[in-house]
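Peer 1: below are the sequence and a predicted model; questions follow.
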Amino acid sequence: MKKLNNTLPNFTQAISQLIAQPSISSSQASWDQSNESVINLLSTWFDSLGFSVNIQAVPSAKGKFNMLAKIGSGHGGLLLAGHSDTVPFDENRWLTDPLKVTDSDNKLFGLGSCDMKGFFAFILQACKQLDFASIKKPLYVLATADEETTMAGARFFSNSQIIKPDVAIIGEPTNLVPVVMHKGHMSHKISIKGQAGHSSKPASGVNAIEIMYQVISELFKLREHLNLSYQNEAFDVQTPTLNLGAIRGGDNANRICGHCELDIDMRSLPGMMDEELIAWLAKALQPIAEKYPGRLTIAELDPSSPSFQQTAESELVRTAEKFSGHHCCAVNYATEAPFIQQLGCQTIVMGPGSIDQAHQPNEFLAHSEIIKTDLLLKKLINHYCF
């Protein structure tokens, strides 16, 4: 079943080739790119190893693609999943070329080295060392699109329900610690429509900044209510969060501000529903909306990502803890895990590298991760597929 192919790259070559293919996803059109070149590269590699490869265009994201590679037959098996895109970068803050791997100080520097193109290079190397002739359950490799923005790839794949693995591991950077819980994420734009006018006659206009000041006051009250009412000790930030991320309004000191916008995000604890948070937000701002009819609107910025929780008593968690040598934990950031979990499989997040490096200039993957990750992946594949 396994095809011998001596032309496949080694680990350093593979991660270098992946990083050299730009695949930025961004809500700003000037930054946003297709991930097709990364998907085609991965497809070529896994096809050479004897995997059947299926590339699907993501309907809600133009120029974006998912790849599912499969080897073995039957039911269940193991899904190794990750995203093929990266965040934008500020080249002036990088000490090296972000699209070229630089090997320095026992680290591999490059955009996506840990978040998370490196994970696919690890999967490739592990698979090169395995003899799939005796495989008993299927091994799947999933590369998704647009995780860094809308998670459109994972949403589409989850809705397709084309596979039913027993277990799934998403290789986000966790220092190989099994993550079994994370917060949800939603973002909204609050807009105030005022009435512009000359600043010398305040009564002739409606100042949108002044109304937004009242909005912010109510948001602080809502945040305090959430902090007092909801806690989960598994997280280092034990409460839901509400962040005021960006504000825009006005154009000149001597004009009454005619329009003001505030972008916020909220991160929910497991067990909290998106509908609850939206209802609380609307209720908090209702008095202002009634005071200024037709001037306040709330709109979703990006589709929300639900919170995630995998029971710590599951077989996958016990196995991951045993093989990795780490106890499971919870994290504050969001991943594709809740969408993959909808396939009906036990799901964890566990991968090489540190989340502290993700989305940062001079992102790197430490050499010390290479042998540990290779051994861990081979143990997991053997355990669930052979």
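Peer 2: In hand now; what should we look at?
Peer 1: what residues does L377 make contact with?
Peer 2: L80, F122, I123, A126 (C-beta atoms under 8 Å, 6 or more residues apart in numbering). Any C-beta I mention is one placed from the backbone N, CA and C, and that applies to glycine too.
Peer 1: phi, psi of the first one?
Peer 2: When you say that, I think you mean L80. phi -110, psi 120 (degrees, to the nearest 10).
Peer 1: that one: neighbour count?
Peer 2: Residues within reach of L80, counting by other C-beta atoms under 10 Å, total 26.
Peer 1: please apply the same query to the second one.
Peer 2: Other residues lying near F122 total 24 when counted by other C-beta under 10 Å.
Peer 1: who are the neighbours in contact with the nearest residue to K107 once chain neighbours are set aside?
Peer 2: Excluding the flanking residues, the one nearest K107 by C-beta to C-beta, 6 or more residues apart in numbering is F364, at 4.1 Å. Contacts for F364 (C-beta under 8 Å, 6+ apart) come out as K107, L108, F109, G110, S113, C114, G353, Q357.
Peer 1: of the residues you listed, select the buried ones using a PyMOL command.
Peer 2: Buried members of the contacts of F364, defined by 16 or more other C-beta atoms under 10 Å, are picked up in PyMOL with:
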select buried, resi 107+108+109+110+113+114+353+357
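Peer 1: just to revisit the earlier point, any idea what the residue nearest to K107 is bridged to?
Peer 2: Beta-bridge pairing of F364, defined through DSSP bridges, involves F109.
Peer 1: now the contacts of F364 in TSV, with distance to E218 and pLDDT?
Peer 2: Below are the contacts of F364 laid out as TSV (distance: C-beta to C-beta, whole Å; pLDDT from 0 to 100):
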residue	distance to E218	pLDDT
K107	46	97
L108	47	98
F109	44	98
G110	44	98
S113	42	97
C114	39	96
G353	40	96
Q357	37	92
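Peer 1: what's the closest of the contacts of F364 to T174?
Peer 2: T174 lies nearest to G353 out of those, by C-beta to C-beta, at 8.2 Å.
Peer 1: would you agree that closest one falls within a helix?
Peer 2: No - assigned with DSSP: H, G, I helix; E, B strand; the rest coil, G353 falls outside any helix and is coil.
Peer 1: that one is in contact with D115, isn't it?
Peer 2: Yes - the pair G353 / D115 is scored as a contact, 7.1 Å apart, by C-beta atoms under 8 Å.
Peer 1: who touches both of these two?
Peer 2: Shared contacts of G353 and D115 (C-beta under 8 Å, 6+ apart): P173.
Peer 1: surely G294 touches K193?
Peer 2: Yes - using C-beta under 8 Å, G294 is in contact with K193, at 7.2 Å.
Peer 1: contacts for the lengthiest helix in the chain?
Peer 2: As assigned by DSSP state H, the longest helix anywhere in the chain is helix 208-229. Helix 208-229 has contacts (C-beta under 8 Å, 6+ apart) with 190, 192-194, 239-242, 244, 247, 249-250, 257-260, 262, 264, 280-281, 284-285, 287-288, 292, 295-296.
Peer 1: are any of the residues you listed buried, and which?
Peer 2: Among the contacts of helix 208-229, those scoring as buried are 190, 192, 194, 239-242, 249-250, 257-260, 262, 264, 280-281, 284-285, 288, 292, 295-296 (criterion: 16+ other C-beta under 10 Å).
Peer 1: just the residues you listed: which are in helices?
Peer 2: Using DSSP H, those in helices are W280, L281, A284, L285, I288.
Peer 1: model confidence score at the third one, please.
Peer 2: To tie it back to what came earlier, the one meant is A284. What the model reports as pLDDT for A284 is 98.
Peer 1: distance of it relative to I190?
Peer 2: 11 Å (C-beta to C-beta, to the nearest Å).
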